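Visitor: okay, predicted coordinates and the sequence, questions at the end:
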Amino acid sequence: MMPWPRSLRPQRSLYLVVPFLSALLVLAAAFYGLRSWVPAAYADPIPPPEGYPKLIMSTKSVTPTLAATGGETLVYTVEIRNTGAAAAEGVTLVDPLPANTTYNGDAWSSASPQPTYSGGAVRWQGDVGFDQTVVVTFSVDIAAVFDGVVHNSASIDHPVLDEPLTVSAETVVTDEPYFVIGKSALPAKPGANQLLTYTLVVTNLGQTATDLAVEVSDQLPANTTFASAGPDGNHSGGEVTWNRDLTLATGETAEFTFAVTTGDVPSGTVITNDDYSVASAQTGIAVGEPYTMTVIDPILFIYKEVSPDPPGSNRDATYTLTVLNKGSLATNLEVTDVVPTGVTYVGGGDSYHAGRREVSWTIPRLATNETAQVSYVVSVGDVAGVQVINSDYEVCSLGVCDAGPPLTSTVQGATFLATAEVDPIAKKPGGGGGPVTPTFTLENLGPGNAIDATALLRFERISVSGTDLTFTPSLGTIVSIPYCGEKCVSYVWEGDLDFGQIITFTTIDGQSTIGGEEGTIYTATIIISDSLGSTTTEPISATATGKVTHYANLIPIKTAPEVIGRGQLLTYTINVWNSALSTDTPPYPILTDTIPPSTTFVSASDGGVAQTSGSS
């Protein structure tokens with residue numbers, strides 16, 4: 001059956017009626033229909049998204065990676081991993097046996113079909129599902145007389161690949177230590193005429209070396225001059241050598257360092273270091289791969305920020321300059337900034353040249369990817385809507401300079417927030433037992449400071465006495481009492497209100513109202529503005545309104561927990577405040593509340609009863 005349209009559904013409401021014997025009503029309700037257990041539902045497997053297979057995360061490993069001579073067995077494991085968004089159908093693996101090994105006929109795979117062996121290679125062809133891994137393993141025996149590195153590479157192919165993927169693994173077969181040598185250098189971006197430190201790393205991939213005498217040597221690269229060498233290092237004829245006894249277990253390393261000074265070469269010059277090695281009587285000579293560094297100049301960037309942003313009138317502003325170096329080490333950096341027109345220099349900088357209005361700083365050094373910040377302070381005058389353009393600042397280091405982009409700011413004055421309140425908002429006539437208290441607050445949200453701001457405080461049908469009117473904190477003065485009409489009292493406040501300051505106006509005692517007719521309206525109004533040079537801020541006002549009544553004025557306020565669990569009791573609390581005459585005589589007020597949907601009534605305090613309203 002089609003559901004009723006919402007506008008035509010029969011309405012059925014449950015109302016709670018409580019004789020008003022007290023100001024507090026407690027309602028308790030439990031969520032309807034949520035007490036029964038509902039079995040959990042589980043999602044079906046997620047289908048693969050549309051896309052293509054990805055096999056790039058496939059790997060190959062070998063156990064062990066270090067073997068003694070005599071014919072050990074190596075176990076190879078290839079993991080074909082599909083991390084793409086589709087199944088890979090018809091993947092091909094070809095793994096030729098490395099030289100000096102014999103196949104053991106034990107190839108196995110985690111997915112069908114099982115591998116085959118032909119033409120000196122283990123082969124497998126099959127499907128690798130979405131987000132799946134197929135594992136292929138086999139073993140070989142090393143020839144008993146072999147000594148060296150067993151290198152094994154496998155090829156994985158699929159139509160989605162531009163070219164077959166190669167995965168490799170190596171085993172060092174030796175009864176002796178086996179050394180390799182590599183190199184690194186700092187800084188990563190060397191500059192001309194700067195120090196460049198090389199670190200040679202000797203790694204033992206073979207059996208443990210114990211007090212093994214080695215010689216490490218390195219020819220100084222072109223466009224450099226020797227500066228220093230680390231422990232055991234000696235320089236002669238353009239070559240640095242180290243003679244040291246090494247004790248290194250498998251996988252352990254030893255470091256050898258030396259430093260050179262780069263030549264006075266142009267940016268972009270490549271320094272190539274391709275003649276370095278480690279040698280010993282037991283291991284022979286191992287030569288390192290060529291290593292290159294590129295000399296570049298410092299690459300400087302400078303930009304600027306202002307705080308506050310935008311700057312505020314009648315207050316200080318701070319300019320902060322940030323320098324970034326993306327090139328080689330920069331030294332003796334000079335930063336300059338011309339103080340823009342429209343503001344006055346206050347302080348900051350290593351020096352200030354009044355004639356040029358120039359602030360300057362010296363930064364001794366700035367390494368690659370480092371930043372430095374400098375700042376100075378200016379004073380903004382009693383203006384608003386004025387643009388301040390700061391476009392003349394730069395950083396230089398040994399002839400390399402960068403000028404920053406212009407920074408344009410528009411000075412803003414004070415922004416006021418005013419509030420008004422009368423308490424109570426409904427009261428019986430006159431004063432005595434029914435006074436009214438007006439309260440204003442005035443806040444400067446900035447960014448500017450207000451100087452000699454003016455606020456008009458106007459009270460209509462509230463007989464506010466000047467001796468009762470106070471303001472906190474004691475900022476400014478009440479300077480006049482202008483006429484605002486019959487049954488109206490007004491005052492003018494003048495004073496300074498800085499950014500973030502709040503001033504509150506109120507009366508020491510409650511005040512009488514003027515006029516006692518039923519429904520007579522009384523108001524309290526505040527209007528604030530500020531003059532800045534030739535500009536005056538838009539007046540900001542706030543008004544609070546109350547009325548005189550000869551009856552009760554009942555104000556209900558309801559509270560309840562913000563969060564509650566299904567099936568739990570939900571308790572509503574209603575407080576009723578009477579700001580006018582009492583309810584001691586009939587007719588007595590009746591408080592009603594509608595039971596909300598998805599709940600069932602449980603109980604009510606103070607004689608509250610539940611009634612059904614509407615048709616079913």
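Guide: Everything's here; your move.
Visitor: can you list the buried residues in stretch 296-311?
Guide: By neighbour count on 16 or more other CB atoms under 10 Å, the buried set for stretch 296-311 is 296-300, 302, 304, 306, 308, 310-311. For the C-beta atoms, the positions are set from N, CA and C on the backbone; glycine is no exception.
Visitor: from those residues, which is closest to residue 248?
Guide: Each of the buried residues of stretch 296-311 was checked against residue 248 using CB to CB; the closest is residue 296, at 36.2 Å.
Visitor: pretty sure the closest one is in a strand, no?
Guide: No. Residue 296 is assigned coil when assessed by DSSP: H, G, I helix; E, B strand; the rest coil, not a strand.
Visitor: hmm, it is touching residue 270, no?
Guide: No. The pair formed by residue 296 and residue 270 falls short of the contact definition of CB atoms under 8 Å, at 10.6 Å.
Visitor: tell me the bridge partners for residue 198.
Guide: Note on residue 198: beta-bridge partners by DSSP bridges are residue 185, residue 258.
Visitor: count of residues packed around it?
Guide: Residues near residue 198, counting by other CB atoms under 10 Å, number 24.
Visitor: residues in contact with it?
Guide: 183-185, 218, 257-260, 273 (CB atoms under 8 Å, 6 or more residues apart in numbering).
Visitor: confidence score at residue 587?
Guide: Reading off the confidence values, residue 587 has pLDDT 74.
Visitor: also residue 535?
Guide: 78.
Visitor: setting aside sequence neighbours, what's the nearest residue to it?
Guide: If the residues on either side of it in the chain are set aside, residue 535 comes closest to residue 384, at 4.9 Å by CB to CB, 6 or more residues apart in numbering.
Visitor: coming back round to it: which of the buried residues of stretch 296-311 fall in strands?
Guide: Per DSSP state E, strands hold the following members of those: 300, 302, 304, 306.
Visitor: looking at those, which one is closest to residue 346?
Guide: Using CB to CB, residue 306 comes nearest to residue 346 of those, at 13.6 Å.
Visitor: partners of that closest one in the sheet?
Guide: Counting by DSSP bridges, residue 306 forms beta bridges with residue 319.
Visitor: again with residue 513
Guide: residue 462.
Visitor: so what's it up against?
Guide: 427, 429-431, 434, 436, 461-463, 520, 522, 548.
Visitor: report the separation between it and residue 414.
Guide: Distance, residue 513 to residue 414, using CB to CB, to the nearest Å: 34 Å.
Visitor: over to residue 533?
Guide: 13 Å.
Visitor: neighbour count for the two, which is higher?
Guide: Using other CB under 10 Å, the more surrounded residue of residue 533 and residue 414 is residue 414, with 30 against 14.
Visitor: who's in contact with the more buried one?
Guide: By CB under 8 Å, 6+ apart, the contact set of residue 414 is 312-313, 444-446, 448-450, 453, 497, 499, 530, 537.
Visitor: give me the pLDDT value at the closest residue to residue 105 other than its chain neighbours.
Guide: What sits nearest to residue 105 in space, not counting adjacent residues and going by CB to CB, 6+ apart, is residue 117, at 7.0 Å. Looking at residue 117, its pLDDT reads 97.
Visitor: who does the helix or strand harbouring residue 117 pair up with?
Guide: Assigned by DSSP states H and E, residue 117 belongs to strand 116-118. Paired neighbours of strand 116-118 in the sheet (DSSP bridges): strand 121-128 (antiparallel).
Visitor: give me the buried positions along the partner strand.
Guide: Using 16+ other CB under 10 Å as the burial criterion, the residues of strand 121-128 that qualify are 121-124, 126, 128.
Visitor: repeat for stretch 473-491
Guide: Using 16+ other CB under 10 Å as the test for burial, stretch 473-491 gives 475-476, 478, 488-491.
Visitor: how many other residues sit next to residue 551?
Guide: When counting by other CB under 10 Å, one arrives at 13 neighbours for residue 551.
Visitor: next: residue 373.
Guide: Neighbour count for residue 373, taken as other CB under 10 Å: 12.
Visitor: again with the one 5 residues further on
Guide: Here the number of neighbours of residue 378 (other CB under 10 Å) works out to 22.
Visitor: residue 515 now?
Guide: The number of residues packed near residue 515 is 12, by other CB under 10 Å.
Visitor: now do the one 10 residues further on
Guide: Counted by other CB under 10 Å, the residues lying close to residue 525 total 21.
Visitor: quickly find the element holding it.
Guide: Take DSSP H and E as the rule and residue 525 turns out to sit in strand 521-529.
Visitor: what does residue 282 give?
Guide: Per DSSP H and E: nothing holds residue 282, as it lies in no helix or strand.
Visitor: leaving out chain neighbours, which residue sits closest to it?
Guide: Among residues not flanking residue 282 along the chain, residue 176 sits closest, at 5.6 Å (CB to CB, 6+ apart).
Visitor: next, the nearest residue to residue 446 once chain neighbours are set aside: secondary structure please.
Guide: Excluding its sequence neighbours, the residue lying closest to residue 446 (CB to CB, 6+ apart) is residue 499, at 3.5 Å. Following three-state DSSP, the label given to residue 499 is coil.
Visitor: and residue 499, what is it in contact with?
Guide: Residues counted as contacts of residue 499 (CB under 8 Å, 6+ apart) are 308, 312, 315, 414, 444-449.
Visitor: now render those residues as CSV, adding distance to residue 214.
Guide: Formatted as CSV, these follow (distance: CB to CB, whole Å):
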residue, distance to residue 214
308, 64
312, 70
315, 70
414, 77
444, 76
445, 73
446, 70
447, 69
448, 73
449, 74
